[in-house]
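Colleague: pasting the sequence and the predicted coordinates here, then a few questions.
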Amino acid sequence: MNGSRTPPRASLATAINRVAIALALLALAGIGAWWWHDRTRVWEPVRWDARRFVCLRAPDSAAAAAWIVAYQPDCPHCRARLADLLRRDPSARAGAALGVLVVDAGVRPELPSGAERLTGGVWWDSLGIWRARWGHRVYGEALSFARDGRLQRTIGPADPPGAPATAASP
Amino acid sequence: MARNRPDESERWTGRARAALAAPALLLPVLVWHASLARELASGSLGVRAGAAADGAAWAGAIAALLSALAEAAVYGMLWAAFGRRLPFLALAVTALQLSMLEPAALWAGALGGDPGDAPLWKVMLFGTRASGAAVTGFAAAFRSLGALALARMAFWAWVLAAASGARWRSSATAVAVVWLVSHLALGFVLALMWGRSTT
């Protein structure tokens, strides 16, 4: 970099810019360390166990395979996602019951709109299992569980129900 | 009086530059807004049309402007750390003008579409984002890497070299490092935001 040299009085500005760049690199290293810690943390395997959640509306059939949507009451995208899934033909989710897991809600939540059609039930994650134990963070995602509670796949909040499967987290 | 003339002249030069920079900054913002409003109206970005969509289009356009200012500031700061000064306003205008390649690509329908539907040339040109496939974390952060991004970096290197008198190779190295570091940071943030939701 052979551009015009700044006068000596600008050496303070040069030093400030060097410090700013060093701080930016430090911040990058910090985010990287945070990411590495998050990445290498041992998360609990995702498995549906209704006993761990507060039932707000019972499912029609406890033994059925289910799609459980991570729903946050204050999130408009969650409401739109749920309405979209309720509108769609159940065959798109291979006949699995559609349910809701209310996440990140500190107090007992109200039932979401259309709850009477949620054959998979409405559940409240009062212990914060979805975020703290499973490590999931995206509202509106749907978790497809088999009859035995095993996670089959995760469907992203923008993915149509028939989209190719996203690998199930271990 | 004679001593005042250069100052006056400099003042007028500054005003002239600002007057020229204003439309040069405004035009790309309007192009960004028009492009985003068009995408939002089509529903391809998942936002319903209406007042909120228009607000989102303006927010996107302003974000593009702020992004250009930030990009210029980063290069100005980097060069200043080596004791060189770069013209900030000119860099910001350049950054914003270059950013118009994005709405142009959106306008041409080059981005988005059905996942896996994009021809190879599109992916080579625009990166994996041309396929419209939903990805997260680092894949999302680096999905713009294509011939267009490389050409943009090469042009930036040329602009910076011309503005500072540095060698093109030095400028290109700096631009590549800034691009890599910024996208790495974006990858970290996206990966942390998504967590185990998609792994």
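Modeller: Yes, it's here.
Colleague: max-length helix in chain A?
Modeller: helix A:11-40 (DSSP state H).
Colleague: quick one: average pLDDT of that helix?
Modeller: Helix A:11-40 shows a mean pLDDT of 93.
Colleague: stretch B:61-76 now?
Modeller: Mean predicted lDDT for stretch B:61-76 stands at 90.
Colleague: report how many residues lie close to the residue of chain B found nearest chain A.
Modeller: Of all residues in chain B, B:Ser164 sits closest to chain A, at 3.1 Å by C-beta to the nearest C-beta. Any C-beta I mention is one placed from the backbone N, CA and C, and that applies to glycine too. By other C-beta atoms under 10 Å in any protein chain shown, 22 other residues sit near B:Ser164.
Colleague: on that earlier part again, what is the longest helix of chain A packed up against?
Modeller: helix B:51-81, helix B:168-194 (3 or more C-beta pairs under 8 Å, 6 or more residues apart in numbering or on different chains; DSSP states H and E).
Colleague: tabulate these (a markdown table), appending distance to chain A.
Modeller: Converted to a markdown table, those look like this (distance: least, C-beta to the nearest C-beta, whole Å):
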| stretch | distance to chain A |
| --- | --- |
| helix B:51-81 | 4 |
| helix B:168-194 | 4 |
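Colleague: so which of the ones you listed is nearest A:Gly149?
Modeller: Using C-beta to C-beta as the measure, helix B:168-194 is the one of the helices and strands packed on helix A:11-40 that comes nearest A:Gly149, at 23.4 Å.
Colleague: and the closest one, what's buried?
Modeller: Residues of helix B:168-194 classed as buried: B:170-172, B:174-175, B:178-179, B:182-188, B:190-192, B:194 (neighbour count, 16 or more other C-beta atoms under 10 Å in any protein chain shown).
Colleague: quick one: that helix to helix A:11-40, angle?
Modeller: Helix B:168-194 and helix A:11-40 are oriented at 40 degrees to each other (axes from the mean of the first three to the mean of the last three C-alpha atoms, to 10 degrees).
Colleague: list the buried residues of stretch A:78-85.
Modeller: Quick answer for stretch A:78-85 (16+ other C-beta under 10 Å): A:Cys78, A:Arg79, A:Arg81, A:Leu82, A:Leu85.
Colleague: contacts for that stretch?
Modeller: Identification of contacts with stretch A:78-85 by C-beta atoms under 8 Å, 6 or more residues apart in numbering or on different chains yields A:67, A:69-72, A:93, A:98, A:100, A:112-114, A:139-140, A:142, A:157, A:161.
Colleague: which of those are buried? Put it as a ChimeraX command.
Modeller: Burial among those is assessed by 16+ other C-beta under 10 Å; the matching ChimeraX selection reads:
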select /A:67,69,70,71,72,93,98,100,112,139,140,142,157,161
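Colleague: could you identify the most distant pair in the contacts of stretch A:78-85?
Modeller: Across these (C-beta to C-beta), the longest gap, 20.9 Å, separates A:Gln72 and A:Arg93.
Colleague: just to revisit the earlier point, which of the helices and strands packed on helix A:11-40 sits closest to B:Leu148?
Modeller: Among those, helix B:168-194 comes nearest to B:Leu148, with 12.8 Å by C-beta to C-beta.
Colleague: break chain A down into its domains, please.
Modeller: A:8-40, A:50-155 (automatic domain parsing).
Colleague: from the ones you listed, which stretch is densest packed?
Modeller: domain A:50-155 (a mean of 17; mean count of other C-beta atoms under 10 Å in any protein chain shown).
Colleague: any regions of chain A where pLDDT drops low?
Modeller: A:1-10, A:62-63, A:161-170 (pLDDT under 70).
Colleague: which residues does A:Pro90 contact?
Modeller: A:Ala96, A:Leu98.
Colleague: kindly report the same for the one 5 residues further on.
Modeller: For A:Gly95, the contact set (C-beta under 8 Å, 6+ apart) comprises A:Ala65.
Colleague: ok, it to A:Ala66 distance?
Modeller: Per C-beta to C-beta, to the nearest Å, A:Gly95 is found 10 Å from A:Ala66.
Colleague: A:Arg41 now?
Modeller: For A:Arg41, the distance to A:Ala66 - C-beta to C-beta - is 27 Å.
Colleague: and what of B:Val181?
Modeller: Remark: distance between B:Val181 and A:Ala66 (C-beta to C-beta) = 43 Å.
Colleague: could you do B:Ser170 as well?
Modeller: 59 Å.
Colleague: what do you get for B:Ala19?
Modeller: From B:Ala19 to A:Ala66 the distance is 63 Å (C-beta to C-beta).
Colleague: helix, strand, or coil at the residue positioned nearest the centre of chain A?
Modeller: Closest residue to the average C-alpha location of chain A: A:Val138 at 2.2 Å, with C-alpha atoms, centre = their mean. Three-state call for A:Val138 (DSSP: H, G, I helix; E, B strand; the rest coil): coil.
Colleague: wait, it touches B:Trp194, no?
Modeller: Yes: between A:Val138 and B:Trp194 there is a contact under C-beta atoms under 8 Å: 5.7 Å.
Colleague: now A:Arg133: closest residue in space, sequence neighbours ignored.
Modeller: In space, and not counting its chain neighbours, A:Arg133 is closest to A:Glu44: 4.2 Å by C-beta to C-beta, 6 or more residues apart in numbering or on different chains.
Colleague: tell me which element the one you found falls in.
Modeller: For A:Glu44, there is no host helix or strand (DSSP states H and E).
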